[in-house]
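*Asks:* output the structure for:
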Amino acid sequence: QVQLVESGGGLVQAGGSLRLSCIASGSIFKINAMGWYRQAPGKQRELVAVITSDGNTNYVEFVKGRFTISRDNAKNTVYLQMNSLKPEDTAVYYCNGRITTLPIIRLDGYDYWGQGTQVTVSS
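*Replies:* Numbering: from 1, shown residues only. Next comes the predicted model:
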């Protein structure tokens, strides 16, 4: 069994910063790509940023230059540093991990999700 637990959300004024963390735990063989998604009220969940196991990153256009995704493989943790926050960044932010578990059933792993953390940006 694998768990992803996010933390770091909260209320911040526009222009402020927050750092989200997501820790994976459980019977983990390998954590492949990890990513952050968000879901605003009344909208579909959308990708924000991803990072591969060897550190390659990709961002959606609306966060480029403001958000930075990183990971610490030794701690099974992924981070999302969010700067210059805007009211439209308000959403529940979810961590996703493509994780190969023990015992190995599928070498490329399965997707696991955290419970989400609320980010609210006031104008």
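
*Asks:* C-alpha only now, for contacts and for neighbours.
*Replies:* Will do.

*Asks:* need the contact partners of stretch 18-28.
*Replies:* With contact meaning Cα atoms under 8 Å, 6 or more residues apart in numbering, stretch 18-28 is reached by 1-10, 12, 75-83, 95, 99-103, 114.

*Asks:* let me see the contact set for residue 83.
*Replies:* 15-18, 66-67.

*Asks:* of these, select the buried ones using a ChimeraX command.
*Replies:* ChimeraX command restricting these to the buried ones, with burial defined by 16 or more other Cα atoms under 10 Å:
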select :17,18,67
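
*Asks:* just list whatever residues bridge to the residue sitting nearest the centre point of the chain.
*Replies:* Central residue of the chain (Cα atoms, centre = their mean): residue 36, 2.7 Å from the mean position. Per DSSP bridges, the residues bridged to residue 36 are residue 49, residue 95.

*Asks:* so which of the contacts of residue 83 comes closest to residue 44?
*Replies:* Distance to residue 44 across the contacts of residue 83 (Cα to Cα) is lowest for residue 67, with 20.1 Å.

*Asks:* surely the closest one touches residue 82?
*Replies:* Yes - with contact defined as Cα atoms under 8 Å, residue 67 reaches residue 82; the gap is 4.5 Å.

*Asks:* hang on, the earlier thing: out of the contacts of residue 83, which one sits closest to residue 50?
*Replies:* Nearest to residue 50, judged by Cα to Cα, of those is residue 67 at 11.2 Å.

*Asks:* list the residues that contact the closest one.
*Replies:* Per Cα under 8 Å, 6+ apart, neighbours of residue 67: 80-83.

*Asks:* now do the strands in the chain.
*Replies:* Listed in chain order, the strands of the chain (DSSP state E) span 2-7, 10-13, 18-26, 28-39, 46-51, 57-59, 67-72, 77-82, 91-101, 110-113, 117-122.

*Asks:* from those strands, which stretch is densest packed?
*Replies:* A comparison of the strands of the chain by mean neighbour count, using mean count of other Cα atoms under 10 Å, puts strand 91-101 on top with a mean of 23.

*Asks:* distance between it and the chain's centre?
*Replies:* Its chain's average C-alpha position is 6 Å from that of strand 91-101, according to Cα atoms, centre = their mean, to the nearest Å.
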